[in-house]
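Student: the following block contains a protein sequence and its predicted model.
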Protein chains: 2
Amino acid sequence: MTDEATAFVPGHVTGFFSAHPHDDPAVAGSRGAGVALSHGVRVTVRRTDATDGRSDETSGETASDDSSDDGETDGGAPGPTTLDGDAVSMPPVDAVRRSLGVPGAAVHAETPLPLGAGFGVSGAMALGTAYAANRVFGIGRSENELVDVAHCAEVEAGTGLGDVVAQARGGLPIRLEPGAPGHGAMDGVPARPRVEYVTFGEVSTEDVLSGDTTRLTAAGERALSDLRADPTPERLVSLSRRFAREAGLTTDRVAAIVADVRDAGGDASMAMLGDTVFAFGTALSDAGYDPEVCGVHPAGSSLVPE
Amino acid sequence: MTDEATAFVPGHVTGFFSAHPHDDPAVAGSRGAGVALSHGVRVTVRRTDATDGRSDETSGETASDDSSDDGETDGGAPGPTTLDGDAVSMPPVDAVRRSLGVPGAAVHAETPLPLGAGFGVSGAMALGTAYAANRVFGIGRSENELVDVAHCAEVEAGTGLGDVVAQARGGLPIRLEPGAPGHGAMDGVPARPRVEYVTFGEVSTEDVLSGDTTRLTAAGERALSDLRADPTPERLVSLSRRFAREAGLTTDRVAAIVADVRDAGGDASMAMLGDTVFAFGTALSDAGYDPEVCGVHPAGSSLVPE
């Protein structure tokens, strides 16, 4: 029990995916693969006046106190949410707070990553809120249970299908089976290349996921099968590029940059879903761009030691 | 493809466990919980004259070249294995090299942790060898496949049942179901406490695992159930202490130190299996001991960036 706690959650770029909707958000999700980034989101949760009652109620023992589990019984206005100091509306964060019975907790996030550009910032905020709130309020959930809460919040908000489980794992995550822990299954590409990216902003995740995903999903399943046969960073990028083309998602700006990178002898692809190009090694630099540079984050989400 | 690669694998202290032997080593394993340590093992794999043939043969594409998979067809003397500069015999490392088709590769490990004292050094060497050899020789396995190889090597050598999967995960791993990826299931305690330990050396893992494990396993299953109901670091230590007593494994030296720590208002337990005491926070320091100090390692095994 403490007054505040901070979690770090890596950013996550999806290279390719297939969509697997389901009525149960814990079963819904995506298959696919991507990159957990050393650039991520620091999420701090603090007690507020609105949470003081909760803090006393939950100082007890059991994790089987499920009275707050349905995410609906706990009313009250959502606590403040800020991103890099600005107030933001973030439905997955609100859903996590409700699900954990602390709707009024304050959530403050900081990140070098842009929102809505394919870096999983909303998933990171949901997952970081779950980890940090669990610590502040002594809620007593396990890591799988916290990932489940954040995954369901993200799915129900329509803001993502696979970022949360990938961000919980770290590395170069392969989503073998969709869904939260206990439903999904993960693997990883064993590598830690340098990562470069350039970004121009938003592509609407909701628009893509709410449309016809048949072609996208066929392309994503094919890419997954091919990556499993040869799980290397080089294949992850080339299969992502093929997926983006086959799924018809490549933006004009991304296509132009990828062409430049290929002309320079490298390879790159598009972040799903954002107007963003990512590459390994020095592929973007070698093509004359001035990319952001980070690494692969080998750990998934975790609390920052106090 | 490269001449050498280095992997870092966290040390792992098991607090409690139940043994689940099986004829298939990938299905065999343990349930239980423990601590992945920021103190770990750096494992470097290098080409040798004996591996030069392999390096050419495997510069190709597919991961479905399974000719070396049975771990028996590739003969030849095992390559050199050193630990902190001294030549050592390490059957799980030999088994990993054989399984990956590079029996002659050189393996050099460095660690601040003692061997045989309950820190999972043999598991770390097996897993680190798998990660680094995969990189050096372009073997094309996924992370799950590498963990499977190392887990099976450790089980067949009789040197451990659950360290490898815990070391692949990081954090405060809970082994919900025994076995390699695809068989086992993991969770974690969401916390990153400071870790203290004092160690006096070896307790034979083989002797315990080859004896009657009925009482041990009943105690371990009960501890696991109780930890799942309240997954906190404090419970992990207290349930580990109860397990060690019920299983009759507490050494006299460990019992004396744990009593001192409890007298000073803290808690501590025994590393399974070593003459080693571990605790969180400053529990050992507060009782007047001069412990080694490290942290929880949130990431599992991973390559060190080149």
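Tutor: Okay, I see it. Being a predicted model, the structure only gives us computed values, none of them experimental.
Student: going by C-alpha atoms from here, please, whenever you check contacts or count neighbours.
Tutor: Will do.
Student: centre-most residue in chain A?
Tutor: Centroid-nearest residue in chain A: A:Asp163, 3.1 Å away (criterion: CA atoms, centre = their mean).
Student: got the contact list for it?
Tutor: Going by CA atoms under 8 Å, 6 or more residues apart in numbering or on different chains, A:Asp163 touches A:12-14, A:120, A:123-124.
Student: if we go to 10 Å?
Tutor: Going by CA atoms under 10 Å, 6 or more residues apart in numbering or on different chains, A:Asp163 touches A:11-14, A:29-30, A:33-36, A:118-124, A:127, A:151, A:154-155, A:169, A:173, A:175.
Student: please apply the same query to A:Pro21.
Tutor: A:27-30, A:155, A:161, A:178-179, A:209.
Student: need the buried ones from the contacts of A:Asp163 selected in ChimeraX.
Tutor: In ChimeraX, this line selects whichever of the contacts of A:Asp163 come out buried by 16 or more other CA atoms under 10 Å in any protein chain shown:
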select /A:11,12,13,14,29,30,33,34,35,36,118,119,120,121,122,123,124,127,151,154,155,169,173,175
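Student: helix, strand, or coil at the closest residue to A:Ala95 other than its chain neighbours?
Tutor: Distances taken as CA to CA, 6 or more residues apart in numbering or on different chains put A:Ala153 closest to A:Ala95, at 5.5 Å, once the chain neighbours are dropped. State at A:Ala153, reduced to three classes by DSSP: H, G, I helix; E, B strand; the rest coil: helix.
Student: go ahead and confirm A:Ala153 touches A:Gly160.
Tutor: Yes. Between A:Ala153 and A:Gly160 there is a contact at 9.4 Å, judged by CA atoms under 10 Å.
Student: those residues of the stretch 51-200 of chain A touching chain B, which are they?
Tutor: In this structure, the stretch 51-200 of chain A approaches chain B at residues A:61-64, A:131-132, A:134-135, A:138-146, A:169-174, A:181-182, A:185-194, judged by CA under 10 Å from any CA of the partner chain.
Student: return the members of those classed as buried.
Tutor: The neighbour count (16+ other CA under 10 Å) marks A:62-63, A:131-132, A:134-135, A:138-146, A:169-174, A:181, A:185-194 as buried among those.
Student: so which of those residues sit within helices?
Tutor: Using DSSP state H, the subset of these located in helices is A:131-132, A:134-135, A:143-146, A:169.
Student: tabulate the contacts of A:Pro21 (TSV), appending distance to A:Ala223 and pLDDT.
Tutor: Shown next, in TSV, are the contacts of A:Pro21 (distance: CA to CA, whole Å; pLDDT from 0 to 100):
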residue	distance to A:Ala223	pLDDT
A:Val27	22	97
A:Ala28	20	97
A:Gly29	17	97
A:Ser30	13	96
A:Val155	23	96
A:Leu161	17	92
A:Pro178	15	97
A:Gly179	19	97
A:Leu209	18	68
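Student: point out where the stretch 151-300 of chain A drops to low pLDDT.
Tutor: Counting by pLDDT under 70, the stretch 151-300 of chain A contains low-confidence ranges at A:204-206, A:209-210.
Student: go again with 80.
Tutor: A:203-212 (pLDDT under 80).
Student: that one: strands as residue ranges?
Tutor: Ranges of strands in the stretch 151-300 of chain A, per DSSP state E, counting those that start in this stretch, are A:173-177, A:185-188, A:194-202, A:269-270, A:274-280, A:292-295.
Student: just name the most buried of those.
Tutor: strand A:269-270 (a mean of 31; mean count of other CA atoms under 10 Å in any protein chain shown).
Student: so what strands line up beside that strand?
Tutor: Using DSSP bridges, the strands paired with strand A:269-270 are strand A:274-280 (antiparallel).
Student: neighbours around the residue of chain A found nearest chain B, how many?
Tutor: The nearest approach of chain A to chain B comes at A:Ala299, 3.8 Å away (CA to the nearest CA). A:Ala299: 26 surrounding residues under other CA atoms under 10 Å in any protein chain shown.
Student: picking up where we left off before, between the ones in helices among the buried ones among the residues of the stretch 51-200 of chain A next to chain B, which sits nearest B:Met270?
Tutor: A:Glu143 (24.0 Å; CA to CA).
Student: gap between A:Ser238 and A:Ala259?
Tutor: As for A:Ser238, its distance to A:Ala259 is 13 Å (criterion: CA to CA, to the nearest Å).
Student: same check, this time on A:Ala244
Tutor: Following CA to CA, the distance that separates A:Ala244 from A:Ala259 is 13 Å.
Student: the two: who's more crowded?
Tutor: A:Ala244 (23 against 16).
Student: and the nearest residue to the more buried one once chain neighbours are set aside, how many neighbours?
Tutor: Of all residues not flanking A:Ala244 in the chain, A:Thr250 sits nearest, at 5.4 Å (CA to CA, 6+ apart). Residue crowding around A:Thr250 was assessed by other CA under 10 Å; the count is 25.
Student: kindly report the same for the one 3 residues further on.
Tutor: Applying other CA under 10 Å, we find 13 residues neighbouring A:Arg253.
Student: and stretch A:42-50, anywhere near chain B?
Tutor: No. Judged by CA under 10 Å from any CA, stretch A:42-50 stays clear of chain B, getting no closer than 14.8 Å.
Student: so for that stretch, what's the average pLDDT?
Tutor: Across stretch A:42-50, pLDDT averages out at 92.
Student: would you work out how far apart the start and end of it are?
Tutor: End to end - CA to CA - stretch A:42-50 spans 23 Å.
Student: which positions within that stretch qualify as buried?
Tutor: Per 16+ other CA under 10 Å, stretch A:42-50 contains these buried residues: A:42-47, A:50.
Student: in TSV: those residues, plus distance to B:Leu227 and secondary structure.
Tutor: Shown next, in TSV, are those (distance: CA to CA, whole Å; DSSP: H, G, I helix; E, B strand; the rest coil):
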residue	distance to B:Leu227	secondary structure
A:Arg42	28	strand
A:Val43	26	strand
A:Thr44	26	strand
A:Val45	25	strand
A:Arg46	26	strand
A:Arg47	26	coil
A:Ala50	30	helix
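Student: B:Gly295: which of these is nearest?
Tutor: A:Arg42 (19.5 Å).
Student: ok, the closest one touching A:Tyr131?
Tutor: No. Contact criterion CA under 10 Å: A:Arg42 and A:Tyr131 do not qualify, at 11.1 Å.
Student: what is in contact with those two at once?
Tutor: Joint contacts of A:Arg42 and A:Tyr131 (CA under 10 Å, 6+ apart) are A:6-9, A:125, A:301-303.
Student: I'd like these as TSV, with pLDDT and neighbour count appended.
Tutor: TSV is the format used below for the shared contacts of A:Arg42 and A:Tyr131 (pLDDT from 0 to 100; neighbours: other CA atoms under 10 Å in any protein chain shown):
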residue	pLDDT	neighbour count
A:Thr6	98	25
A:Ala7	98	25
A:Phe8	98	28
A:Val9	98	37
A:Met125	98	34
A:Ser301	97	31
A:Ser302	96	27
A:Leu303	97	22
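Student: and the residues you listed as TSV, adding secondary structure?
Tutor: Shown next, in TSV, are the shared contacts of A:Arg42 and A:Tyr131 (three-state DSSP):
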residue	secondary structure
A:Thr6	strand
A:Ala7	strand
A:Phe8	strand
A:Val9	strand
A:Met125	helix
A:Ser301	coil
A:Ser302	strand
A:Leu303	strand
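Student: for beta bridges, what are the partners of the closest residue to A:Ala133 other than its chain neighbours?
Tutor: Distances taken as CA to CA, 6+ apart put A:Val45 closest to A:Ala133, at 5.8 Å, once the chain neighbours are dropped. Note on A:Val45: beta-bridge partners A:Ala5, A:Val107, judged by DSSP bridges.
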